[in-house]
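> just need the structure, nothing else, for what follows:
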Amino acid sequence: MNSGDYLYIWQASDWPRWHYDLAALAEPMVRVSHAQGLLLGRFADIGMGLRDEASLAALTDDVLKTSEIEGEHLNVASVRSSIARRLGVDIGTLAPVDRHVEGVVDMVLDATSNSAQPLTTERLFAWHAALFPAGYSGLSKISAGTWRDDAHGPMQVVSGPFGRQKVHYEAPPAESLASEMDRFLSWLNDPKATEPALIRAGLGHLWFVTLHPFDDGNGRIARAIGDLLLARADGSPQRFYSLSAQIQRERKAYYDMLERTQKGTLEVTEWLLWFFKMLDEAVSHAHGMLDAVLVKARFWQRQQGTTLSARQIKVLNRLLDGFEGKLTTSKWSALAKCSSDTALRDINDLLERGVLQRSASGGRSTSYELKTG
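Prediction:
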């Protein structure tokens, strides 16, 4: 059946028989697999402590960015604290964490750390309930921890102001969800699956978000399912790269690709090629994150024997973790929760020790940066 005979792929007579050109996908798959192998090889050569630090950075990025894709911005310190506590990584003082942050972290960690376990309806319901602990999405009451019922009309993905909204996609009717999800989960948990693991990750993400079985949170759960399948492909419960972070960097292209695919045919080679491209770039970005972890480790090795205050350690770690903008006395004061006079004393002490240096970038306020080398 041609796409002109229907509007959305789930309406095709042979749904969900996915078709793809394996020959066209072979080279990109090999390239991604090679990149993953190189990355995992680098991690195998470093100690457990540094692996935990790198995993903490990747998972923090994943939790933050999977929410940002949906326009939701979580507190970085809260997310990092929540993950560090679960991983047993000492990051010093932990930031307060609210139930919503804990819910997103619970889902992401369960998907990756327990990827070998079957994905069941009950597990998906638990993920969804964790994302919406109060049963609300914004000001709207939703059915948390259960399939949508379409009581207020069909599930649609729309944009634009009220009254002039554009419908980008309409999901299958709620009455078909139980059987559709049973079929999807049977495929996902099939121990005799023949598709290459990376193709399964791309298909699993697309298939779930096409079904759109919940009132809200479908994108985040689809990406968690993709992460679960990638963790199975890697054969490792630790995550060292974030596909969600890469998708966030290509957010508009992501939505455009989804819309084009969901209104196309069941031939999904283009989607899989795009998915592999995002995956390849995510792995490449992870090499940079690992470099930053190693820089941080070498920095603290150089500071062994140096007596620093808890405030100084806290702010230096923020700088090493990728502090955005310029570090000024006022920003030090805010980060360390101390007076401006105390902040200046802390900074001057580090200048004398050669840990910090004045930035050459200029500006209205004096700024500082880590001294390298």
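> helices of the stretch 1-150 of the chain, start to end?
Secondary structure of the stretch 1-150 of the chain (DSSP state H, counting those that start in this stretch): helices at 22-44, 48-68, 76-87, 99-113, 121-131.
> now those helices as JSON lines including mean pLDDT and distance to Y254?
Backbone N, C-alpha and C define where each C-beta goes, glycine included. Shown next, in JSON lines, are the helices of the stretch 1-150 of the chain (pLDDT from 0 to 100; distance: least, Cβ to Cβ, whole Å):
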{"stretch": "helix 22-44", "mean pLDDT": "91", "distance to Y254": "17"}
{"stretch": "helix 48-68", "mean pLDDT": "88", "distance to Y254": "11"}
{"stretch": "helix 76-87", "mean pLDDT": "90", "distance to Y254": "21"}
{"stretch": "helix 99-113", "mean pLDDT": "92", "distance to Y254": "18"}
{"stretch": "helix 121-131", "mean pLDDT": "97", "distance to Y254": "19"}
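> any chance of the ones you listed in a markdown table, plus distance to S333?
Output for the helices of the stretch 1-150 of the chain, formatted as a markdown table (distance: least, Cβ to Cβ, whole Å):
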| stretch | distance to S333 |
| --- | --- |
| helix 22-44 | 37 |
| helix 48-68 | 25 |
| helix 76-87 | 16 |
| helix 99-113 | 26 |
| helix 121-131 | 36 |
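> give me the low-pLDDT residue ranges for this protein?
Applying pLDDT under 70 to the chain flags residues 1-4, 93, 361-364, 372-373.
> the stretch 151-300 of the chain: strands as residue ranges?
Using DSSP state E, counting those that start in this stretch, the strands found in the stretch 151-300 of the chain span residues 156-159, 166-170.
> which other helices and strands contact the longest one?
Yep, that's strand 166-170 we're talking about. Under the contact criterion of 3 or more Cβ pairs under 8 Å, 6 or more residues apart in numbering; DSSP states H and E, strand 166-170 touches strand 156-159, helix 251-262.
> just checking: what are the partner strands of it?
Strand pairing for strand 166-170, determined by DSSP bridges: strand 156-159 (antiparallel).
> buried sites along the partner strand?
V157 (16 or more other Cβ atoms under 10 Å).
> S137 is nearest to which of the helices of the stretch 1-150 of the chain?
S137 lies closest, by Cβ to Cβ, to one member of the helices of the stretch 1-150 of the chain: helix 121-131, at 8.9 Å.
> what does that closest one rub up against?
With contacts defined as Cβ atoms under 8 Å, 6 or more residues apart in numbering, helix 121-131 is touched by 100, 102-104, 106-107, 110-111, 117, 144-146, 181, 185, 213-214, 216-217, 220-221, 224.
> per-domain residue ranges of this structure.
3-294, 307-370 (automatic domain parsing).
> quick one, which of these gets closest to Q301.
So among those, domain 3-294 is nearest, using Cβ to Cβ, at 10.4 Å.
> just how off-centre is the closest one within its chain?
In terms of Cα atoms, centre = their mean, to the nearest Å, the centre of domain 3-294 is found 8 Å from the chain centre.
> which of the helices or strands spans K331?
According to DSSP states H and E, K331 maps onto helix 329-336.
> count of neighbours near G305?
For G305, the count of nearby residues is 5 (other Cβ atoms under 10 Å).
> so it sits in a helix?
No - note on G305: no helix contains this position according to DSSP: H, G, I helix; E, B strand; the rest coil, which reports coil.
> where exactly do the helices run in the stretch 151-300 of the chain?
177-188, 197-211, 218-234, 243-249, 251-262, 269-302.
> save those helices as TSV, and put in distance to A26 and mean neighbour count too.
Output for those, formatted as TSV (distance: least, Cβ to Cβ, whole Å; neighbours: other Cβ atoms under 10 Å):
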stretch	distance to A26	mean neighbour count
helix 177-188	22	16
helix 197-211	11	23
helix 218-234	16	23
helix 243-249	21	22
helix 251-262	20	16
helix 269-302	11	18
